[in-house]
Each structure stands twice: as structure tokens, then as C-alpha cells.
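Chemist: Next come a sequence and a model predicted from it.
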Amino acid sequence: MAQIYYLLKVKGKAKIPDYIQVRDHDFTLVGYFRPGRSEKTNKQIDDNTLQYIEQIAESLDFGKIIKIEIPPRS
């Protein structure tokens, strides 16, 4: 079964930086990180998936939510 995640890119203001929210299929927050600093997120998401999410997030517009599906590894 594919893993489903929702990504949201949030624009920071003043001293609060931009960041990416990663939510699961129930829309529960499973991680968040600053663009380019994904190593600081929690480890609920494996490294390969996190790298894939970071690549997608680079082109994501602020304030938009997208759904991605990560196929199962064989």
C-alpha cells in the first residue's frame, strides 16, 4: 500500500522562517522542516522519502497543499 502524505509550504514572517509541513493520510502533522534543513525533522519519515519530499517542496507554492503518494518498496 502506498504511503500518502500532504505537503504544505508556509511562508514565515519576521524572525519565523519558511517551513514545510508534512501530514499523513489523516492530516496529522508527522514532520516539519525548513527548506534545505530536512535533517532537523523527526524520524517518523525515512530518509529516502524525506529527500523526495524536499525535492517536490522546492517547486511548491506557498500556501498550497498537495497530496503525494510514495509507492511501497519491494
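Modeler: Happy to help now that I have it. On a predicted model such as this, the values are computed, not experimentally measured, just so you know.

Chemist: tell me which element Asp26 falls in.
Modeler: Following DSSP states H and E, one finds Asp26 outside all helices and strands.

Chemist: what's the pLDDT at it?
Modeler: Asp26 is assigned a predicted lDDT (pLDDT) of 92.

Chemist: quick one: contacts for it?
Modeler: With contact set as C-beta atoms under 8 Å, 6 or more residues apart in numbering, Asp26 has no partners. (Each C-beta comes from the backbone N, C-alpha and C, glycine too.)

Chemist: Distance check, it against Gln3.
Modeler: Distance of Asp26 to Gln3, given as C-beta to C-beta, to the nearest Å: 12 Å.

Chemist: Equivalent analysis for Val30, please.
Modeler: On the measure of C-beta to C-beta, Val30 and Gln3 end up 10 Å apart.

Chemist: center of the chain, which residue is that?
Modeler: Closest residue to the average C-alpha location of the chain: Val22 at 3.6 Å, with C-alpha atoms, centre = their mean.

Chemist: Quick check: nearest residue in space to that residue, chain neighbours excluded?
Modeler: Gly31 (4.3 Å; C-beta to C-beta, 6 or more residues apart in numbering).

Chemist: Can you say which helix or strand has that neighbour in it?
Modeler: strand 29-33.

Chemist: what packs against that strand?
Modeler: strand 19-23 (3 or more C-beta pairs under 8 Å, 6 or more residues apart in numbering; DSSP states H and E).

Chemist: list the helices and strands the strand it packs on packs on?
Modeler: By 3+ C-beta pairs under 8 Å, 6+ apart, strand 19-23 packs against strand 3-10, strand 29-33, helix 47-58.

Chemist: let's see it at 10 Å
Modeler: For strand 19-23, the elements it packs on are strand 3-10, strand 29-33, helix 47-58, strand 65-70, judged by 3 or more C-beta pairs under 10 Å, 6 or more residues apart in numbering; DSSP states H and E.
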